[in-house]
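J.: give me coordinates for this.
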Amino acid sequence: MTATTVVIGAGPGLGMSIAHRFGREGHTIALVSRNGARHPGYLASLASAGIEATSHPADVRDRDALLGALDEITARHGAVDVVYYGPGAADPTARPVPITETDVPAVQDAMSWVYPAIDTVRAVLPGMLERGHGGLLFAGGLSSVVPMPMLGPLALASAALRNYAVTLHAALADHGVYAGTLTIGGAIERGDIHSAIVARPDLVGGMEVRTLDPDALADTAWDLYENRDEAEAVFNVLA
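T.: The predicted structure follows:
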């Protein structure tokens, strides 16, 4: 039976690299992201590589839309075997307020990207536990482990998502379900944030932009899922 991987946050960078990597292992791919207009191109790219994939546009911060997309995927493909959760910022050019200016509304907005991860897990985990097999993969920022005051509320949300992932890893280790996270410090090539910085260098104040290859990150994601012995892989090209 073909395994199904759901890619939440299907974008031109890491999301599509994850789709191709797991697709090469024989997984059917279900793409979820808010920009459905991009999906035909993504599906064509996967089809050209011989990978079966379907499109399920949804903004993850719209709870009903997200849960509806997951229901649709289950109805179409059956059991969900793997979920990758890595949605990007709605506005890649936006600058967060620094930690010294962070207030409660800013943190609540940043945390709105964490709550859908919990909804997703709650939707798919019972089936994984029943079958005794599955995978939950997350992607977050380096500010979850390295102080980055300029990222303000985003650092708090990144830390929350990372802690959720590694705590799930500990909780599920003896139940056949893997959970883990990619902790990423650097601009991901082909991704929306990297493209925004290339178009507008002023966004980073003329600083050198150090990049990461999304295909290499996706290889690591597959290794984490396959080997199941580590909760986290950290990538830092910023130091």
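J.: all helices for this protein, in order.
T.: 14-24, 39-48, 63-77, 104-111, 115-131, 153-172, 192-199, 214-227 (DSSP state H).
J.: between the first one and helix 214-227, how many degrees?
T.: Using axes from the mean of the first three to the mean of the last three C-alpha atoms, to 10 degrees, one finds that helix 14-24 and helix 214-227 are set 50 degrees apart in direction.
J.: ok now helix 14-24, how far from the chain's centre?
T.: 11 Å (C-alpha atoms, centre = their mean, to the nearest Å).
J.: can I get it in CSV? Just the C-alpha atoms.
T.: The C-alpha coordinates for helix 14-24 follow below in CSV (Å, rounded to 0.1, in the frame of the first residue of the first chain):
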residue,chain,number,x,y,z
LEU,A,14,11.7,23.5,1.5
GLY,A,15,8.1,22.4,1.1
MET,A,16,8.5,21.3,-2.4
SER,A,17,11.9,19.7,-1.6
ILE,A,18,10.2,17.7,1.1
ALA,A,19,7.5,16.7,-1.4
HIS,A,20,10.0,15.5,-3.9
ARG,A,21,12.2,13.7,-1.3
PHE,A,22,9.3,11.7,0.2
GLY,A,23,7.8,11.2,-3.2
ARG,A,24,11.0,9.6,-4.4
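J.: buried residues in it?
T.: Neighbour counts over helix 14-24 (16 or more other C-beta atoms under 10 Å) mark 14-23 as buried. (Each C-beta comes from the backbone N, C-alpha and C, glycine too.)
J.: which among the residues you listed gets closest to residue 152?
T.: residue 14 (22.9 Å; C-beta to C-beta).
J.: need the helices of the chain in CSV with distance to residue 235 and mean pLDDT, can you?
T.: As requested, the helices of the chain are arranged in CSV below (distance: least, C-beta to C-beta, whole Å; pLDDT from 0 to 100):
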stretch, distance to residue 235, mean pLDDT
helix 14-24, 11, 97
helix 39-48, 23, 98
helix 63-77, 27, 98
helix 104-111, 21, 96
helix 115-131, 20, 98
helix 153-172, 13, 97
helix 192-199, 14, 69
helix 214-227, 7, 98
